[in-house]
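Enquirer: sequence first, predicted model second:
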Amino acid sequence: MKLSGLYTLAAASTAYSKTYFSDDLSNMDNWVQSKHKSDYGKFELGNGKIFADENDKGLVTSQDAKFYAMSAKHEEFSNAEKEIVYQFSVKHAQQIDCGGGYIKIFPASFEPEDLHGESDYNIMFGPDICGYSTKKVHVIFNYNGKNHLIKKEIKCKDDQLTHVYSLVVKPTNEYEVYIDGESVQAGKLEEDWDMLEPKEIKDPEAKKPEDWVENAKIDDPEDTKPDGWDDITEYIADPEAEVPEDWDEDMDGEWEPPMINNPEYKGEWKANQIDNPDYKGPWVHPMVENPDFKADDFLYKYDSFGAIGLDLWQVKSGTVFDNFLVSDDVESTISAAKAIVEANHEKESAMKEEQDKAAEAEAAANSEGEEDEDEMDMDEMDDEDFEDFDEDEFDGHDEL
């Protein structure tokens, strides 16, 4: 489902809204391939293995086990005092096993032809999948020259359908992440990233007192070991054991019965435990204000935005990226995301179901064909073949 028409209609009622970048990939004119390396994977214009509309195309990764690096520049802007939403769609039509599906958002000084893994960016956002352990949405902010990962776990979608990812960054130093137009995580930048120094630190002058008692229990001083406790051995001779009839003391030596666990043995004696009257609980290091902490009311702010890029690795190619949008009209943009999902999911699911059925039928036919070939091979064996047939050798292979 193309985004441009949906957004134009939705934004018509918002007099002061601003779209900074919008691309529904009718062509690839906006996009520049990086020349930083010569062996980057190639993006193609296509709709992937599963689609709702064959005319609805996007950027498709086309080569397995490749790094990809392509970007598009747009009008420069600052998000100062603005609520901005960054949005795009991802479809892992190939049922991705390991690879990125995220975007990087760059300042205007960024050079598209030099895009590479170490290129400085403002924000990185989107899904990342690798095996069963990694299925998350990255939200990374660059602050004071360092990239900071979100401390919350946001699960991404891992099916083969189109999904729309939206990141809203607010001038209140708050954020919100949407998937398919539904909010999945929201909070404060100061709390969910370690961009700032902590407000409090452990008091460097404080130390646990040497006489601090942390043992909650102690041995009961009035409890004594019963008489004869240590006389009970752990093992005893088996009273039911008998000398074997063929035992020869001259040859075998003196017979000794085997040892068994002593049912009377109670183990090592330990005194009963009682509450320690001197127990003070765990010692807690006191906290003090951090002299290095500095509040920043502009954590959210970047002086310059000017490009969007796809800088990622994929083991299995076939992911489709589409419907890129950067805007200050959050409501209309999220509405567009919901419309994209509504227009795609039902048809994509139906196509996937048909493909799965066809694959199952083909696998069944191939299996049946192999069985028929085996039967024909046996039927075609003549008498001379059977004369040379080694039944023992056949049985051996059958066991394997």
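Expert: Looks like it came in fine.

Enquirer: where does pLDDT dip in the stretch 1-150 of the chain?
Expert: Residue ranges of the stretch 1-150 of the chain with pLDDT under 70: 1-15.

Enquirer: quick one, strands of it?
Expert: In the stretch 1-150 of the chain, the segments counted as strands under DSSP state E, counting those that start in this stretch are 19-23, 31-33, 43-46, 58-61, 66-77, 84-92, 98-100, 103-106, 123-130, 134-143, 146-149.

Enquirer: wouldn't Trp229 be in contact with Tyr265 here?
Expert: No - contact criterion C-beta atoms under 8 Å: Trp229 and Tyr265 do not qualify, at 10.1 Å. For every residue, glycine as well, the C-beta is placed using N, CA and C.

Enquirer: picking up where we left off before, and Val168, which of the strands of the stretch 1-150 of the chain is closest to it?
Expert: Comparison of the strands of the stretch 1-150 of the chain against Val168 by C-beta to C-beta identifies strand 84-92 as nearest, at 4.8 Å.

Enquirer: list the strands paired with that closest one, with their directions.
Expert: Using DSSP bridges, strand 84-92 pairs in its sheet with strand 162-170 (antiparallel), strand 319-327 (antiparallel).

Enquirer: export these to CSV and tack on mean neighbour count, mean pLDDT and distance to Ala364?
Expert: Converted to CSV, the strands paired with strand 84-92 look like this (neighbours: other C-beta atoms under 10 Å; pLDDT from 0 to 100; distance: least, C-beta to C-beta, whole Å):
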stretch, mean neighbour count, mean pLDDT, distance to Ala364
strand 162-170, 24, 98, 30
strand 319-327, 25, 98, 30
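
Enquirer: distance to Gln63 for those strands - can I get that in CSV?
Expert: Converted to CSV, the strands paired with strand 84-92 look like this (distance: least, C-beta to C-beta, whole Å):
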stretch, distance to Gln63
strand 162-170, 22
strand 319-327, 12
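
Enquirer: what's the closest of the ones you listed to Lys66?
Expert: Judging those by C-beta to C-beta, what sits closest to Lys66 is strand 319-327, at 11.6 Å.

Enquirer: put the alpha carbons of that closest one into CSV.
Expert: Taking C-alpha atoms only, strand 319-327 is exported to CSV below (Å, rounded to 0.1, in the frame of the first residue of the first chain):
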residue,chain,number,x,y,z
THR,A,319,13.7,-8.0,2.8
VAL,A,320,11.5,-5.2,1.3
PHE,A,321,11.9,-1.6,2.7
ASP,A,322,9.2,0.9,1.8
ASN,A,323,7.0,3.8,2.9
PHE,A,324,9.7,6.0,4.3
LEU,A,325,8.3,9.1,6.1
VAL,A,326,9.7,11.9,8.3
SER,A,327,7.1,14.3,9.5
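
Enquirer: from the chain's centroid, how far away is it?
Expert: Distance of strand 319-327 from the chain centroid (C-alpha atoms, centre = their mean, to the nearest Å) equals 21 Å.

Enquirer: tilt between that strand and strand 66-77?
Expert: Going by axes from the mean of the first three to the mean of the last three C-alpha atoms, to 10 degrees, strand 319-327 is angled at 10 degrees with respect to strand 66-77.

Enquirer: strand 319-327 vs strand 19-23, what angle?
Expert: Using the same axes, to 10 degrees: strand 319-327 against strand 19-23 is 160 degrees.

Enquirer: following strand 319-327, which helix or strand comes up?
Expert: Using DSSP states H and E, the helix or strand that follows strand 319-327 towards the C-terminus is helix 330-379.

Enquirer: can you report how many residues neighbour the closest residue to Glu54 other than its chain neighbours?
Expert: In space, and not counting its chain neighbours, Glu54 is closest to Asn47: 5.9 Å by C-beta to C-beta, 6 or more residues apart in numbering. Counted with other C-beta atoms under 10 Å, residues neighbouring Asn47 total 20.

Enquirer: Asn47 contacts Asp56, correct?
Expert: Yes - using C-beta under 8 Å, Asn47 is in contact with Asp56, at 5.9 Å.

Enquirer: now do the contacts for the closest residue to Asp114 other than its chain neighbours.
Expert: Leaving out its chain neighbours, the residue that sits closest to Asp114 by C-beta to C-beta, 6+ apart is His36, at 5.3 Å. Neighbour list for His36: Ala69, Glu113, Asp114, Leu115, His116 [criterion: C-beta atoms under 8 Å, 6 or more residues apart in numbering].

Enquirer: which of those are buried?
Expert: Buried by 16 or more other C-beta atoms under 10 Å: Ala69, Leu115, out of the contacts of His36.

Enquirer: and which of the contacts of His36 is nearest Ile308?
Expert: Leu115 (10.8 Å).

Enquirer: now the closest one, nearest residue through space, not along the chain?
Expert: Closest residue to Leu115 apart from its sequence neighbours, by C-beta to C-beta, 6+ apart: Ser34 at 4.0 Å.

Enquirer: which strand residues bridge the spatially most central residue of the chain?
Expert: Closest to where the C-alpha atoms of the chain average out (C-alpha atoms, centre = their mean) is Thr134, at 2.1 Å. Taking DSSP bridges as the rule, Thr134 bridges to Cys130.

Enquirer: that one and Lys155 touch, don't they?
Expert: No - the pair Thr134 / Lys155 is not scored as a contact, 10.6 Å apart, by C-beta under 8 Å.

Enquirer: identify the contacts common to these two.
Expert: Residues touching both Thr134 and Lys155 by C-beta under 8 Å, 6+ apart: none at all.

Enquirer: do a quick rundown of the helices in the stretch 101-250 of the chain.
Expert: Secondary structure of the stretch 101-250 of the chain (DSSP state H, counting those that start in this stretch): helices at 189-192, 249-252.

Enquirer: could you export those as JSON lines, including distance to Ile84 and mean pLDDT?
Expert: Below are the helices of the stretch 101-250 of the chain laid out as JSON lines (distance: least, C-beta to C-beta, whole Å; pLDDT from 0 to 100):
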{"stretch": "helix 189-192", "distance to Ile84": "13", "mean pLDDT": "97"}
{"stretch": "helix 249-252", "distance to Ile84": "92", "mean pLDDT": "88"}
